[in-house]
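J.: no sequence on hand, only this structure:
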């Protein structure tokens, strides 16, 4: 493992010493190679995490041995010709790392422009966009259907979207090139060396010339891997397959040919081989890929321009739009609004903002960002773009902005200065420190703020948290979909109450009610682990109780977790996982000890003491 190699490196340097390392070529080569490999791996991980689809099937091999025919070999996908070199590992690895870092900058600039042009892309983080592009690419090539994960993500834009609608919209969307005047990569002369696409075409021609049927020939080529004519001919006589199996092989053959044709557009071998520098060859291949990807969807993925078209069509079908009346006496229009308050007042003040009129819906998880020292620049950038480019009368809030790192604070300032095209957005920025970098930046936009009374806020919350009509089997969980049971000390019968609630609900619906229990024991809530547990719940089509039990040990993260799950209606992370708790089929039962002041507004909505 990587940790074992790091441990070996530390031991080696400790035993050998600097002077001996300089004298021993083998030790020096190992250290230099390992350090460059680690740099290459880190560069690759950053590129993969940035959503660069070119690197989803990317592999590299480094041979630190004179017995191999190469020192570095790169393969960008199983069907693309590999690039390799015999030059010095030390120099080539360094150049390749620089190339990857340059590629990352090019890709991020392309994504940033796409997000600026279509704000709907900003409702999804980097990994979610990658997941959607891959799945829609499968639908486009008719090799797959919409997954439940993608359905859950796209329902952010249309609450009742179906898999059939996703397929219909994807297949009917115009995928012609966005800019047909740009010179096509197909115009570049192909190298005469044999590749996968030409080998398959030639083999098919030979089999048809011999009088074989076209479908049988395609199935044979796909089944044998296009090895040769003899292997395909033998397959005719040795294999006995059903008609369905043969049809599947033909479909796989045609899909593979389409993918190979797309990949050949940017894999222009002759131009690649004309460069003597290994890193330059790799940069050239990526440049051609990116150039073609901007104009048309390649292989297994839909590009961002085409994804934007699909998102626009889905969003236009939504019938339940959120319409908010922003409190103009509190918020600036077309500029951020800074609100300074104590940390324990942030959540109550945030909720007050959304109940300016009592008929307004609760804030949505796409409208609120909780900041911490772990907030990434990617997460902050996407949220700010979503807010600053908004033209749909949404109301956006950033809580605890004073917890942002210095890097994120710099990004916040830069985006506020750069994006001034939309004059109608509303963005509230809550901070507990007037001396923080962002607070100083927004000092001139600071506004006074007075929160509503707890009783009025609780009344609003109670009204909003009532079950909505249209639930499965017409059950409504006795009006409320949020139940909170609390006590001043452990072992006071809270779990017993949840058990009775489960039994009562099964009697009400005259059927099975699923129950999922999630318990928190650590001092600080791990949101990634919590999201893993929540996304494992597969009973969205059935009545389900989600029982959340906070042990007395939990001290940090409870407020944020309760607000996301109970009020905002969902939560997601940078891995692309999304849990939507606002499903009408869910009732959330929370078991907790006597809460802090900031939780009382939630608990007052429906309190049961054991």
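T.: Done, it's in. All values derive from a computational prediction rather than experimental measurement.

J.: where do the strands sit along the stretch 1-150 of the chain?
T.: Using DSSP state E, counting those that start in this stretch, the strands of the stretch 1-150 of the chain run over residues 58-62, 72-76, 83-85.

J.: show me where the stretch 301-450 of the chain has helices.
T.: Here the stretch 301-450 of the chain has its helices, by DSSP state H, counting those that start in this stretch, at 304-316, 346-354, 377-388, 406-418, 437-441.

J.: buried sites along the first one?
T.: Read that as helix 304-316. 304, 305, 306, 307, 308, 309, 310, 311, 313, 314, 315 (16 or more other Cβ atoms under 10 Å). No exception for glycine: its C-beta is placed from N, CA and C like everyone else's.

J.: remind me what it packs against, helices and strands.
T.: helix 89-117, helix 126-140, helix 163-172 (3 or more Cβ pairs under 8 Å, 6 or more residues apart in numbering; DSSP states H and E).

J.: looking at these, which is closest to residue 503?
T.: helix 163-172 (34.7 Å; Cβ to Cβ).

J.: returning to that earlier point: reformat the helices of the stretch 301-450 of the chain as JSON lines; add distance to residue 62.
T.: As requested, these are exported to JSON lines (distance: least, Cβ to Cβ, whole Å):
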{"stretch": "helix 304-316", "distance to residue 62": "32"}
{"stretch": "helix 346-354", "distance to residue 62": "50"}
{"stretch": "helix 377-388", "distance to residue 62": "29"}
{"stretch": "helix 406-418", "distance to residue 62": "31"}
{"stretch": "helix 437-441", "distance to residue 62": "42"}
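
J.: TSV please, covering the ones you listed and showing mean pLDDT.
T.: Below are the helices of the stretch 301-450 of the chain laid out as TSV (pLDDT from 0 to 100):
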stretch	mean pLDDT
helix 304-316	93
helix 346-354	89
helix 377-388	94
helix 406-418	92
helix 437-441	94
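
J.: out of the buried residues of helix 304-316, who's nearest residue 459?
T.: residue 315 (32.7 Å).

J.: ok, now which ones touch the residue lying closest to that closest one once chain neighbours are set aside?
T.: Leaving aside its sequence neighbours, residue 315 sits nearest to residue 157 (Cβ to Cβ, 6 or more residues apart in numbering; 4.5 Å). Shown in contact with residue 157 (Cβ atoms under 8 Å, 6 or more residues apart in numbering): 120, 123, 311, 314, 315, 318.

J.: export these to a markdown table and tack on distance to residue 208?
T.: Formatted as a markdown table, the contacts of residue 157 follow (distance: Cβ to Cβ, whole Å):
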| residue | distance to residue 208 |
| --- | --- |
| 120 | 47 |
| 123 | 49 |
| 311 | 43 |
| 314 | 43 |
| 315 | 47 |
| 318 | 50 |
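
J.: burial check on residue 582, number of neighbours?
T.: 17 (other Cβ atoms under 10 Å).

J.: quick check: it touching residue 569?
T.: Yes - counting by Cβ atoms under 8 Å, residue 582 touches residue 569, with 3.3 Å between them.

J.: if we can go back for a sec, minimum distance to residue 404: which of the strands of the stretch 1-150 of the chain has it?
T.: The nearest among the strands of the stretch 1-150 of the chain, by Cβ to Cβ, is strand 58-62 at 32.6 Å.

J.: just the buried residues of that closest one, please?
T.: Applying 16+ other Cβ under 10 Å to strand 58-62 flags 58, 60, 62 as buried.

J.: the residue lying closest to the last one once chain neighbours are set aside bridge partners, please.
T.: Which is residue 62. Nearest non-adjacent residue to residue 62, counting by Cβ to Cβ, 6+ apart: residue 72, 5.4 Å away. Counting by DSSP bridges, residue 72 forms beta bridges with residue 62, residue 85.

J.: tell me how many other residues surround residue 72.
T.: Residues near residue 72, counting by other Cβ under 10 Å: 23.

J.: test my guess that it contacts residue 91.
T.: No - at 10.6 Å, residue 72 does not count as touching residue 91 under the criterion of Cβ under 8 Å.

J.: list the contacts of residue 547.
T.: Contacts of residue 547 by Cβ under 8 Å, 6+ apart are 498, 515, 516, 517, 518, 589, 591.

J.: the fourth one belongs to a strand, doesn't it?
T.: Read that as residue 517. Yes - per DSSP: H, G, I helix; E, B strand; the rest coil, residue 517 lies within a strand segment.

J.: my guess is it meets residue 549, correct?
T.: Yes - using Cβ under 8 Å, residue 517 is in contact with residue 549, at 6.7 Å.

J.: which one's more surrounded, these two?
T.: The neighbour comparison of residue 517 against residue 549 (other Cβ under 10 Å) goes to residue 549, with 17 against 14.

J.: hmm, residue 548 and residue 537 touching each other?
T.: No - here residue 537 lies out of contact with residue 548, judged by Cβ under 8 Å, at a distance of 11.7 Å.

J.: and which of the buried residues of helix 304-316 is nearest residue 421?
T.: For these, the nearest to residue 421 is residue 308 (16.9 Å; Cβ to Cβ).

J.: the closest one and residue 122 touch, don't they?
T.: No - counting by Cβ under 8 Å, residue 308 does not reach residue 122; the two are 10.9 Å apart.

J.: coming back round to it: would you list the strands of the stretch 1-150 of the chain in CSV and tack on distance to residue 504 and mean pLDDT?
T.: CSV is the format used below for the strands of the stretch 1-150 of the chain (distance: least, Cβ to Cβ, whole Å; pLDDT from 0 to 100):
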stretch, distance to residue 504, mean pLDDT
strand 58-62, 55, 81
strand 72-76, 58, 77
strand 83-85, 66, 77
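
J.: residue 11: which of these is closest?
T.: Using Cβ to Cβ as the measure, strand 58-62 is the one of these that comes nearest residue 11, at 21.9 Å.

J.: and the closest one, what does it pack against?
T.: helix 25-49, strand 72-76.

J.: count the neighbours of residue 134 for me.
T.: For residue 134, using other Cβ under 10 Å, the count is 17.

J.: how close does the closest residue to it other than its chain neighbours get to residue 133?
T.: Nearest residue to residue 134, sequence neighbours excluded (Cβ to Cβ, 6+ apart): residue 301, at 5.8 Å. Distance check for residue 301 against residue 133: by Cβ to Cβ, to the nearest Å, it reads 5 Å.

J.: what is in contact with these two at once?
T.: In contact with both residue 301 and residue 133: residue 53, using Cβ under 8 Å, 6+ apart.

J.: run a quick neighbour tally on the nearest residue to residue 528 once chain neighbours are set aside.
T.: The spatial neighbour of residue 528 that comes closest, neighbours along the chain excluded (Cβ to Cβ, 6+ apart), is residue 573 at 5.9 Å. Neighbour count for residue 573, taken as other Cβ under 10 Å: 18.

J.: about what we covered before: go ahead and confirm the residue nearest to residue 134 touches residue 135.
T.: No - under the criterion of Cβ under 8 Å, residue 301 makes no contact with residue 135, lying 9.5 Å away.

J.: so where do the strands sit in the stretch 401-550 of the chain?
T.: 427-431, 482-487, 514-520, 544-550.

J.: need those strands in CSV (columns: distance to residue 565 and mean pLDDT).
T.: As requested, the strands of the stretch 401-550 of the chain are exported to CSV (distance: least, Cβ to Cβ, whole Å; pLDDT from 0 to 100):
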stretch, distance to residue 565, mean pLDDT
strand 427-431, 20, 95
strand 482-487, 9, 80
strand 514-520, 10, 89
strand 544-550, 7, 88
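
J.: and among the ones you listed, the most buried is which?
T.: strand 427-431 (a mean of 26; mean count of other Cβ atoms under 10 Å).

J.: elements contacting that one?
T.: By 3+ Cβ pairs under 8 Å, 6+ apart, strand 427-431 packs against strand 336-340, helix 346-354, strand 396-399, helix 437-441.
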